[in-house]
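Visitor: When you get a sec, could you give me coordinates for this:
(chains A and B)
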Amino acid sequence: MMVLATFLSTHAALRAEQELTGELSVELIPVPRQIRSDCGFGLLVGPLDPPGAGRAAEILKGKGATGLWRVFELDSPTSRRKEKRYEPIP
Amino acid sequence: MSPSRRVLDARGLACPQPVILTRKALAEGGFSELEVIVNTSSGRENVARFAGHAGCTIGSIEESGEETRIVIQPPVANWSGPTSTESLAEATMPPVEPGIQTVFLSGRTIGRGDDELGALLMRGFLYTLTESETVPQRVLLMNSGVTLAAEGSEHLENLRRLVDLGVEILACGTCLEFYKLTDQLAVGRVSNMQEIAEFLLQGKALSL
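Guide: From the prediction side, this is the model:
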C-alpha cells in the first residue's frame, strides 16, 4: 500500500516534500479528484507495509499534513491501469 | 530493368538538411535506388527513419570512418514521392487515430509566471498523463523542454512510465546540443525540426 497526504497549501506540500526526501520515498502528485483537499497537490509515499504506513502517517502529520489516506492498487477489469482505492486514516 | 542509382551527398550538412534533401530527391524520383551519404550520426538516423516512414526499403547502411552510405529503395521503381494532392505528413507518417496524438512541450515548466509553480505543474501534468485512460502517441520536447528528459531530471520516472505505456518521447537535437545535453538524453530519442513539424502539422496536437 501507499499513503497519500494532503496539505493546506501548495507551498506546504512542496516544503514537506523537500524535508522528507531522503527519509521517505515521496512523490508530489495532483490530488485525485475522489479526494477533497484545499490544495491541488499532495504527497504519495510508498510502497509501504502496514507498520511502515503507520509510521509514515505520523511523520506526515508532523510535517503539516491535513488529510491522510491509505492507497490500495487494484487490478481493473476494464483498464490496463490499476484502480486506486483510498481509505481515510483517522 | 537494371537498377538506376542516384547519389545524394549530404556530408557536412546540419540537421535537418539531409532529411530535406532526401525527401526532395524521393519526390523527384526517376531512379530505383537513392544513395545518401552523411557524416553525422543524427543525419544517419534521421534519414533512415524518414525513409522508413515514407514507405521505402533500406537496401543497406554502410559505415566507413565517419561516413555512412544509406541506400534507399522507393516503394516502386520510379516512385514519384508524395503526390501533390497528398500532404507530406500523410505520405510519410502512419495513420492517425482519433484524439490527441501529440503533446508538444516547449519548456521545462507549464505556463508563464513563477518557475517553481510551473515546474510543479509540469510534474503534475506528466504524472496525471501516466494515470490517464488514454495517452498520446508521442511527446515532443523542444527548447528547455528537452531538459525534462535529460539525466538528473525530476521527470524521468514519469517519462519512463509513459514509455512503458507506449508513448514515444522525442527530443529536439538542436536544443539538446544548445543546452549541452546531447550525451545526457536519458529517455526517448533525438529528433529534428522536420519530424517535429510534421507531427505538429498532422493536427491532433496539444501544445503546452
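Visitor: So the closest residue to chain A within chain B, which state does it fall into?
Guide: Going by C-beta to the nearest C-beta, chain A is nearest to B:Gly124 of chain B, at 4.3 Å. (Glycine included, C-beta is placed from N, CA and C.) Under DSSP: H, G, I helix; E, B strand; the rest coil, B:Gly124 falls in the helix class.
Visitor: Now for it: which residues touch it?
Guide: For B:Gly124, the contact set (C-beta atoms under 8 Å, 6 or more residues apart in numbering or on different chains) comprises A:28-30, A:40-41.
Visitor: Closest one of these to B:Ala150?
Guide: Lowest distance from B:Ala150 to the contacts of B:Gly124 (C-beta to C-beta) belongs to A:Leu28, with 19.7 Å.
Visitor: ok, and the helix or strand in chain B with the lowest average confidence?
Guide: Taking mean pLDDT, DSSP states H and E as the measure, chain B has helix B:88-92 as its least confident helix or strand, at a mean of 43.
Visitor: filter the contacts of B:Gly124 down to the ones near chain B?
Guide: Counting by C-beta under 8 Å from any C-beta of the partner chain, A:28-30, A:40-41 from these sit close to chain B.
Visitor: most surrounded residue in those?
Guide: Scoring the ones next to chain B among the contacts of B:Gly124 on neighbours with other C-beta atoms under 10 Å in any protein chain shown, the highest-scoring entry is A:Phe41 at 23 neighbours.
Visitor: Local confidence estimate at that residue?
Guide: In this model, A:Phe41 is scored at 90, pLDDT.
Visitor: Confirm for me that it is in contact with A:Thr10.
Guide: Yes - between A:Phe41 and A:Thr10 there is a contact under C-beta atoms under 8 Å: 5.5 Å.
Visitor: which SS class is B:Ile70?
Guide: Applying three-state DSSP: B:Ile70 is strand.
Visitor: pretty sure B:Leu200 is in a strand, no?
Guide: No - B:Leu200 is assigned helix when assessed by three-state DSSP, not a strand.
Visitor: surely it meets B:Thr102?
Guide: Yes - contact criterion C-beta under 8 Å: B:Leu200 and B:Thr102 qualify, at 6.6 Å.
Visitor: Are there residues contacting both of those two? Which ones?
Guide: B:Leu140.
Visitor: Between these two, point out the one with more neighbours.
Guide: A count of neighbours by other C-beta under 10 Å puts B:Thr102 above the other of B:Leu200 and B:Thr102, at 22 against 16.
Visitor: Give the closest residue to the more buried one in space, chain neighbours not counted.
Guide: Nearest residue to B:Thr102, sequence neighbours excluded (C-beta to C-beta, 6 or more residues apart in numbering or on different chains): B:Ala205, at 4.0 Å.
Visitor: Quick one: residues contacting that neighbour.
Guide: Taking C-beta under 8 Å, 6+ apart, we find B:Ala205 in contact with B:100-104, B:199.
Visitor: Among these, which are located in strands?
Guide: B:102-104 (DSSP state E).
Visitor: Specify the helix with the largest residue count in chain A.
Guide: For chain A, the longest helix by residue count, based on DSSP state H, is helix A:50-62.
Visitor: pLDDT score for A:Ser9?
Guide: Each residue has a pLDDT score; the one for A:Ser9 is 88.
Visitor: What is the neighbour count of it?
Guide: Neighbours around A:Ser9, by other C-beta under 10 Å: 14.
Visitor: One more: B:Gln137?
Guide: Around B:Gln137 there are 17 other residues, counting by other C-beta under 10 Å.
Visitor: Thought B:Gly99 was touching it, still the case?
Guide: No - applying C-beta under 8 Å as the test, B:Gln137 and B:Gly99 come out as separate, 9.3 Å apart.
Visitor: Which helix or strand contains B:Gln194?
Guide: Secondary structure from DSSP states H and E places B:Gln194 in helix B:193-201.
Visitor: Can you list the buried residues in that helix?
Guide: For helix B:193-201, burial by neighbour count (16 or more other C-beta atoms under 10 Å in any protein chain shown) applies to B:193-196, B:198-200.
Visitor: Can I get these in CSV including distance to A:Lys84?
Guide: Conversion of the buried residues of helix B:193-201 to CSV gives the following (distance: C-beta to C-beta, whole Å):
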residue, distance to A:Lys84
B:Met193, 40
B:Gln194, 41
B:Glu195, 36
B:Ile196, 34
B:Glu198, 37
B:Phe199, 32
B:Leu200, 34
